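> okay, structure incoming, though there's no sequence with it:
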């Protein structure tokens, strides 16, 4: 794992296939990376906190371990054990947000189904409606081009990984 900091540059990630559990020290590292990034890790290291490097791709597998994923080592906090429960919560929460957005509010009427709440100009800064309409179309075309470009990047990267039998960590 090489961060932008010279403190952690060149250090390798621990890869041991026998240990699939994340230790308490690695949880501290993951929390520090997620919340504060590299500067937070450096601050912890300077203040004497000893932690191993986290294996980022093993974090999601903790949900299938015996104890599940206990946040901060406390099982009474969010205890994510069932992937179906997480999926159901995700569907309900995202459905509520999307429903709110499409309806224009909790019980509002749909003004324009393509652009609810005029999300292209939330501060009403556009003076000329014709120029604003043209900029909307340009923005959508730019977004589509960016998505297509990323798709090309992923296809290229995965084709290279497939052709070279690349496996992360080996």
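Right, received. Where do you want to start? Only a predicted model underlies this, so the values are computations on that prediction, with no experimental measurement involved.
> where in this structure is pLDDT low?
Residues of the chain that meet the criterion pLDDT under 70 lie in 1-41, 49-63, 67-81, 104-119, 122, 170.
> most residues in a single helix of it, which one?
For the chain, the longest helix by residue count, based on DSSP state H, is helix 129-164.
> so which bits of that one are buried?
Within helix 129-164, the residues that qualify as buried are residue 136, counting by 16 or more other Cβ atoms under 10 Å. Placement of C-beta: from N, CA and C, glycine included.
> now do it: which elements does it pack against?
With contacts taken as 3 or more Cβ pairs under 8 Å, 6 or more residues apart in numbering; DSSP states H and E, helix 129-164 sits against no other helix or strand.
> where does residue 125 land in three-state SS?
Assigned by DSSP: H, G, I helix; E, B strand; the rest coil, the conformation of residue 125 is coil.
> ok, it - contacts?
Contacts were defined as Cβ atoms under 8 Å, 6 or more residues apart in numbering; by that measure residue 125 touches no other residue.
> how close does it sit to residue 84?
The gap separating residue 125 from residue 84 is 45 Å, by Cβ to Cβ, to the nearest Å.
> now residue 145
Going from residue 145 to residue 84 by Cβ to Cβ gives 37 Å.
> what strand or helix carries the closest residue to residue 160 other than its chain neighbours?
With Cβ to Cβ, 6 or more residues apart in numbering as the criterion, residue 160 has its nearest non-adjacent residue at 7.2 Å, and that residue is residue 166. Here residue 166 is covered by no helix or strand, with elements defined by DSSP states H and E.
> where does residue 166 fall, phi/psi-wise?
In terms of degrees, to the nearest 10, the main-chain angles of residue 166 are phi -70, psi 130.
> that one is in contact with residue 157, isn't it?
No. Because the distance of 9.5 Å does not satisfy Cβ atoms under 8 Å, residue 166 is recorded as not touching residue 157.
> helices and strands around the helix or strand where residue 94 lies, which ones?
Assessed by DSSP H and E, residue 94 sits inside helix 83-103. With contacts taken as 3+ Cβ pairs under 8 Å, 6+ apart, helix 83-103 sits against no other helix or strand.
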